[in-house]
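Peer 1: From the sequence below, what's the structure:
(chains A and B)
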Amino acid sequence: MSEHVLEPGPDRRGFINWFLGTSAVAFVLSVVYPVLSYLVPPRVGESTSGTVTLPLKPDDVKPNTGQIFKFGSRPGILIRTASGELRAFSAVCTHLNCTVQYRPDLSEIWCACHNGHYDLNGKNVAGPPPRPLDTFVVNVRGAQIVVSKSA
Amino acid sequence: MEPAEPRHGRLWMWLDQRVGLKDLEKLARKKEIPVHRHGIWYYLGGMTLFLFIVQVSTGILLLLYYRPSAEEAFESVQFLMAEVQFGWLVRSVHSWAANLMILTLFVHLFSVLLLKAYRPPREITWFSGMALLGLALGFGFTGYLLPWNELAYFATKVGTEITSAVPGIGQFAGRLLRGGDEVTGATLTRFYGIHVAILPATAVALLGLHLYLVQRHGMSVPPGVEREGGASRVMPFVPNFLLRDIVGWLSALAVLAALAAYFPAELGKKADPFLPAPAGIKPEWYFMFMFQTLKYLPSHILGIEGEVAGILAFGLGGLFLLLIPILDRRTARGQPSRLFTWIGIAIILYMVLFTILGYTASATK
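Peer 2: Prediction:
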């Protein structure tokens, strides 16, 4: 035997529940959305200049040494090989973003963080780095060294 | 038989009528600690809690002098160490207590793991404990950057880049964590807010849940002891166990003072984004086993980049550890579970071995 309960309009209750439920969701979203957006840092215009004149003279860089320079907001590395040639690369290790250095004892570029090695063409030769370093183009104009992104 | 009701003075009666001291007293008397051969491990959680309280206290003191910006952070810590009376002591105790807290936390975790204290109905106690471990590592990672020195700068670069390497949401999460595309003063400010506000608030809430659950379920008796007929006797928490706890806490305080006095926290050189990472760079010791593993991974494993594979493996490992109360069905049914004992021992051996390698293997090849 089933009992019939006379509920005054179950549809009305359903509607109220639906209405309150969606209002609660809308309320939570209207609070959460601005907070989450606030947490995301705004994009800062990156320096787009692809060319940098270094505050170094060609004679400052002795053979078999390397120097870190500012390339926009990131570091680059300028190397004079033992044979006297100037080369420049991004100094940001392709493994986990540490800043690399020149190792005169190995004639290699080396990252201290996880023992990554690159040869003098920027190619990853040992350790964990997955990719070669980005290569820059070096031009010597008189007493100035100009480094630019390769095309 | 219930012990005789203690006599109370008028002040106690006055307070009892207003805040209900009698209920609290009843609660304190109810708690009992089983006495058996593995009882020593019951002290580790309380020890971790004590060190956490030391961290909160010294952290509040440090806030009074610290300035969270790339221009001033290093100098303000330098000032604190050199000029402020006992500044070196407060900072050294904060740094040492952090390390000891992580150590006791790990010992607590592994004793709970090996004694199978995670079995029903204590699964949520285990989950909240694992979450607290995550928070503790977060405290360590964010706090490490705050002095803005060379080591901290590169450790943070690597740590946030590891976040970015996670497939999918990694790039976004890395940016969110750093407050930009690079580790800058914006990162420092963000880490400061996380370290002194977000993490402490979350930790206190989780700690409340963790302690409530420990209180609710009582102390777990190891299955081995239970099979032999259970603990032979119990000891009241107040005052017997609490007094033993306090002996441990006072000893820890003495050890902290000695460590801080003989090995004060170092500061090193100020961070410079345009200097190469220094040779011999290393993270805090509790990240060392992961750091060392990443060093050994080749650049590509099965077509994915080595570090991504490593990070995924650590993520899965952490997830496995978290889910052990659900995966270990034999322990849940009250049967011996040798497999999970051996897994626990294997994890401990792996972490100890790779940590030792991290400190002994040549960093330069």
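Peer 1: Need the nearest residue in space to B:W96, chain neighbours excluded.
Peer 2: Residue nearest to B:W96 in three dimensions, not counting chain neighbours: B:L259, with 4.6 Å by Cβ to Cβ, 6 or more residues apart in numbering or on different chains. C-beta: built from backbone N, CA, C; applies to glycine.
Peer 1: Can you give me the neighbour number for that neighbour?
Peer 2: 18 (other Cβ atoms under 10 Å in any protein chain shown).
Peer 1: in the helix or strand where it lies, what's buried?
Peer 2: B:L259 is part of helix B:242-262, with elements assigned from DSSP states H and E. Residues of helix B:242-262 classed as buried: B:R244, B:D245, B:W249, B:A252, B:L256, B:L259, B:A260 (neighbour count, 16 or more other Cβ atoms under 10 Å in any protein chain shown).
Peer 1: number of nearby residues for A:H114?
Peer 2: Neighbour tally, A:H114, other Cβ under 10 Å: 24.
Peer 1: Can you tell me the SS state at it?
Peer 2: coil (DSSP: H, G, I helix; E, B strand; the rest coil).
Peer 1: just checking, it touches A:P128?
Peer 2: Yes. A:H114 is within contact range of A:P128, at 5.2 Å (criterion: Cβ atoms under 8 Å).
Peer 1: Now for the two: what residues contact both?
Peer 2: Residues touching both A:H114 and A:P128 comprise A:H95, B:L294, B:K295, with contact defined as Cβ atoms under 8 Å, 6 or more residues apart in numbering or on different chains.
Peer 1: Tell me where the stretch 251-365 of chain B has strands.
Peer 2: Assigned strands in the stretch 251-365 of chain B, in chain order: B:300-301, B:304-305 (criterion: DSSP state E, counting those that start in this stretch).
Peer 1: End to end on stretch A:99-115, go ahead and measure it.
Peer 2: 12 Å (Cα to Cα, to the nearest Å).
Peer 1: same deal with stretch B:61-73?
Peer 2: End-to-end distance for stretch B:61-73, by Cα to Cα: 15 Å.
Peer 1: Mind listing what's buried along that stretch?
Peer 2: Applying 16+ other Cβ under 10 Å to stretch B:61-73 flags B:L61, B:L62, B:Y65, B:Y66, B:P68, B:A70, B:A73 as buried.
Peer 1: cool, stretch B:36-54 as well?
Peer 2: Buried residues in stretch B:36-54, defined by neighbour count with 16+ other Cβ under 10 Å: B:36, B:38-39, B:41-52, B:54.
Peer 1: got JSON lines for the strands of the stretch 251-365 of chain B, with distance to B:T360 and mean neighbour count too?
Peer 2: Compiled in JSON lines, these are given as follows (distance: least, Cβ to Cβ, whole Å; neighbours: other Cβ atoms under 10 Å in any protein chain shown):
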{"stretch": "strand B:300-301", "distance to B:T360": "25", "mean neighbour count": "14"}
{"stretch": "strand B:304-305", "distance to B:T360": "27", "mean neighbour count": "16"}
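Peer 1: Relative to chain A, which of the ones you listed is closest?
Peer 2: Nearest to chain A, of all the strands of the stretch 251-365 of chain B, is strand B:304-305, at 4.4 Å by Cβ to the nearest Cβ.
Peer 1: For the residue in the stretch 201-350 of chain B positioned nearest to chain A, which non-adjacent residue is closest in space?
Peer 2: Minimum separation of the stretch 201-350 of chain B from chain A (Cβ to the nearest Cβ) falls at B:P276, amounting to 3.4 Å. Among residues not flanking B:P276 along the chain, A:Q101 sits closest, at 3.4 Å (Cβ to Cβ, 6+ apart).
Peer 1: Make sure the residue of the stretch 201-350 of chain B closest to chain A is actually in contact with A:Q67.
Peer 2: No. Taking contacts as Cβ under 8 Å, B:P276 lies outside contact range of A:Q67: 10.0 Å.
Peer 1: who's more crowded, these two?
Peer 2: Using other Cβ under 10 Å as the criterion, B:P276 and A:Q67 rank with B:P276 on top: 25 against 20.
Peer 1: B:L11 falls within a helix, correct?
Peer 2: Yes. In this structure, B:L11 lies within a helix as judged by three-state DSSP.
Peer 1: Quick check: it vs B:L27, distance?
Peer 2: 20 Å (Cβ to Cβ, to the nearest Å).
Peer 1: ok so, going back, who wins for proximity to B:L176 among the strands of the stretch 251-365 of chain B?
Peer 2: Shortest distance between B:L176 and those, using Cβ to Cβ, is found for strand B:304-305: 21.7 Å.
Peer 1: and the closest one with chain A, contact?
Peer 2: Yes. Against chain A, strand B:304-305 shows contacts by Cβ under 8 Å from any Cβ of the partner chain at B:E305.
Peer 1: and that strand, what's its mean pLDDT?
Peer 2: Averaged across strand B:304-305, pLDDT comes to 78.
Peer 1: So which residues of the stretch 1-150 of chain B form strands?
Peer 2: Assigned by DSSP E, counting those that start in this stretch, the strands in the stretch 1-150 of chain B fall at B:32-35.
Peer 1: any low-confidence regions in it?
Peer 2: Across the stretch 1-150 of chain B, the ranges flagged by pLDDT under 70 are B:1-6.
Peer 1: same question, chain A
Peer 2: Where chain A drops to pLDDT under 70, the residues are A:1-9, A:45-49, A:151.
Peer 1: partner residues bridging the one residue in it that gets nearest to chain B?
Peer 2: In chain A, the residue that lies nearest chain B is A:Q101 (3.4 Å; Cβ to the nearest Cβ). Beta bridges link A:Q101 to A:W110, judged by DSSP bridges.
Peer 1: Is it in contact with A:I79, as I believe?
Peer 2: No. Using Cβ under 8 Å, A:Q101 is not in contact with A:I79; the gap is 10.2 Å.
Peer 1: Tell me which of the shared contacts of A:H114 and A:P128 fall in helices.
Peer 2: B:L294, B:K295 (DSSP state H).
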